[in-house]
Structures are given as structure tokens and as C-alpha cells.
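Enquirer: no sequence on this one, just coordinates:
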């Protein structure tokens, strides 16, 4: 099963499983399927996790900043979603070695998912999510 074109109104939040500086993980129901949704902040980058830093951070929605390496991706959402897509394509997820990958949701409007995505409301760019 692959979720495509999921809207915020289809997400039923059941429980928050974990919270980190760059993401929040929820148990959700989407289209009658129970899954885990990892919501990633647009601020997430492999270089800086601290929100207290005054430096701007690569957000995945524009050009990389001058201090970021050009030869590799640092955006956690892009790295994670690419890895799960490749694991799915090679059959690793189907064999149960890794969690089943159901897809992604991009450009989530956090105001439509309050209070669950309250932490993302003031972000410059909308958060994204990986569905497992």
C-alpha cells in the first residue's frame, strides 16, 4: 500500500511516540491504516540541529547555503525518504527486515493539525513527513 496525495484532514493522530529537536513521531491512522508518521522540521540539517543557533539552516526548499557541502545531501527528510524508497524497490521492506514504507507527505500545513504539529507553526517552510 502506498499513500499518495494525503491531505491533513485524512490524518487521525492517536499518540505521540517521540519528540526530537528536528522531528516528532506519531502513531496515526490514514485511510483506515495504522502507521507511524515521522514529521520532519524544515529546519533539519545534518550540520546543525540546535534551534538556538543564529545561523540559517538548509531547509531542503531552496539552494544550499555556502558552508554546506555540495557533493552530498544533508536534509534528513530527503535522506530518510530516499533510503526507504530504495529499500522498498529492492524488496527489503517486503521481507520484514525494515519497516514497510507507505510514502511521504510534503508541505504539511501545521495549523490544520493543531495541537499535534504546534511546534512547526512558526517554521519558515512547511514540515514534511515519512509514513511507515
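Expert: Happy to help now that I have it. It should be emphasised that the depicted structure is a prediction, and the values quoted were computed from it without experimental measurement.
Enquirer: pLDDT weak spots in the protein?
Expert: Low-confidence segments of the chain, defined by pLDDT under 70: 1, 43-63.
Enquirer: What segments of it are strands?
Expert: Ranges of strands in the chain, per DSSP state E, are 11-19, 23-30, 33-40, 103-105, 128-131.
Enquirer: partner strands of the last one, parallel or antiparallel?
Expert: Strand 128-131 pairs in its sheet with strand 33-40 (antiparallel), strand 103-105 (antiparallel), by DSSP bridges.
Enquirer: Show me what counts as buried in the first one.
Expert: In other words, strand 33-40. Neighbour counts over strand 33-40 (16 or more other C-beta atoms under 10 Å) mark 35-40 as buried. Yep, even glycine has a C-beta here, placed from its N, CA and C like the rest.
Enquirer: What is the burial count for residue 84?
Expert: Using other C-beta atoms under 10 Å, residue 84 has 22 other residues around it.
Enquirer: Many thanks, have a good one.
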